[in-house]
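S.K.: I need the structure of the sequence given here:
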Amino acid sequence: MKNPGNTALRVLIADDHPLFRSAIKSALFNQNRQTEFVEAGFFDELCEKLDQEQDLDLILLDLKIPGVIDFSGLFYIRTNFPHFPVVIISGNDDPATIRTALNIGASGFIPKSADPETLEKALKSVLEGQSWAPDSALVSEFSGNKNSEIINKIKMLTPQQMRVLMKLSQGLLNKQIAYELGVSEATIKAHVSAILKKLDVDSRTHAAILLTKISEVV
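M.R.: Model (predicted):
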């Protein structure tokens, strides 16, 4: 990780609220005036920006950015771009949600309710290569074994399978998914079959439900 104080940084902020993106940029700019920003307001735009970027020091991801189901956006980034550190920013700051995000692979979790001083402290810690989360989450009881099996199954999916699963969770048909991803319907059918096998479920509906179960079984 680069030294956040004296080296140019490149940060991707994925959040659909312009005012919050501005707050994040202000906090980072206070630490390093050489920081360059890439912004995305919804998941498909985030995917486009990630495909274009080769050198990001940090991704700040809104857990509920439009186009994702629960933790699916984080799963996608950790699967497809494991070399980029990801910090979740979210209005949902209950301890179970925070610990689940860390378990999936987030480098930190910053509640949107954090005051400017805490926000700057959190970002500084992450840019220095440390993990950061609210103290309340780190000391809370958390039954991680309840969802670790589901998380491990979803981690087996390839990046494209993860995108297909996200589309399934939105209720799209194979033909619609094929159109949105720019591939053939036969390719999507093959992906769906592989997804069902890896997740050990017997229908596309059950596969989609697994994403929401991660939030329900914490």
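S.K.: what secondary structure does Val87 sit in?
M.R.: Reducing the assignment at Val87 to three states with DSSP: H, G, I helix; E, B strand; the rest coil gives strand.
S.K.: try Gln34
M.R.: Following three-state DSSP, Gln34 is assigned to coil.
S.K.: need the next SSE after the helix or strand of the chain with the lowest mean pLDDT, C-terminal direction.
M.R.: The least trusted helix or strand in the chain, going by mean pLDDT, DSSP states H and E, turns out to be helix 135-138, with a mean of 68. Note on helix 135-138: by DSSP states H and E, the next helix or strand toward the C-terminus is helix 145-155.
S.K.: average pLDDT across the helix or strand that that following helix is followed by?
M.R.: Scanning the chain past helix 145-155 towards its C-terminal end, the next helix or strand to appear is helix 159-169 (assignment: DSSP H and E). Taken as a whole, helix 159-169 carries a mean pLDDT of 88.
S.K.: Against which helices or strands is helix 159-169 packed?
M.R.: Contacts defined by 3 or more C-beta pairs under 8 Å, 6 or more residues apart in numbering; DSSP states H and E place helix 159-169 against helix 72-80, helix 174-181, helix 185-199, helix 204-216. The C-beta positions use only the backbone N, C-alpha and C, and glycine is treated the same way.
S.K.: And those: which comes nearest Asn103?
M.R.: Put simply, out of the helices and strands packed on helix 159-169 the one that sits nearest Asn103 is helix 204-216, at 9.5 Å, with distance taken as C-beta to C-beta.
S.K.: helices or strands next to the closest one in the packing?
M.R.: Packing partners of helix 204-216 (3+ C-beta pairs under 8 Å, 6+ apart): helix 95-104, helix 145-155, helix 159-169, helix 185-199.
S.K.: of all the helices and strands packed on helix 159-169, which gets the most neighbours per residue?
M.R.: helix 72-80 (a mean of 22; mean count of other C-beta atoms under 10 Å).
S.K.: just checking, what packs against that helix?
M.R.: Helix 72-80 makes packing contacts with helix 43-52, strand 58-62, strand 86-90, helix 95-104, helix 145-155, helix 159-169 when contacts are defined by 3+ C-beta pairs under 8 Å, 6+ apart.
S.K.: strands paired with the third one, and their directions?
M.R.: What that stands for is strand 86-90. The pairing partners recorded for strand 86-90 under DSSP bridges are strand 58-62 (parallel), strand 108-111 (parallel).
S.K.: How far off centre is the last one?
M.R.: Yep, that's strand 108-111 we're talking about. Here the centre of strand 108-111 is set off from its chain's centre by 12 Å, with C-alpha atoms, centre = their mean, to the nearest Å.
S.K.: need the next SSE after that strand, C-terminal direction.
M.R.: Per DSSP H and E, the first helix or strand lying C-terminal to strand 108-111 is helix 116-127.
S.K.: hey, C-alpha coordinates of that following helix in PDB?
M.R.: The C-alpha coordinates for helix 116-127 follow below in PDB (Å, rounded to 0.1, in the frame of the first residue of the first chain):
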ATOM      1  CA  PRO A 116     -15.800  13.500   9.700                       C
ATOM      2  CA  GLU A 117     -13.000  12.900  12.200                       C
ATOM      3  CA  THR A 118     -13.800   9.100  12.400                       C
ATOM      4  CA  LEU A 119     -14.100   9.000   8.600                       C
ATOM      5  CA  GLU A 120     -10.700  10.400   8.100                       C
ATOM      6  CA  LYS A 121      -9.200   8.100  10.700                       C
ATOM      7  CA  ALA A 122     -10.800   5.000   9.100                       C
ATOM      8  CA  LEU A 123      -9.600   5.900   5.600                       C
ATOM      9  CA  LYS A 124      -6.100   6.600   6.900                       C
ATOM     10  CA  SER A 125      -5.900   3.200   8.600                       C
ATOM     11  CA  VAL A 126      -7.000   1.400   5.500                       C
ATOM     12  CA  LEU A 127      -4.700   3.200   3.200                       C
END
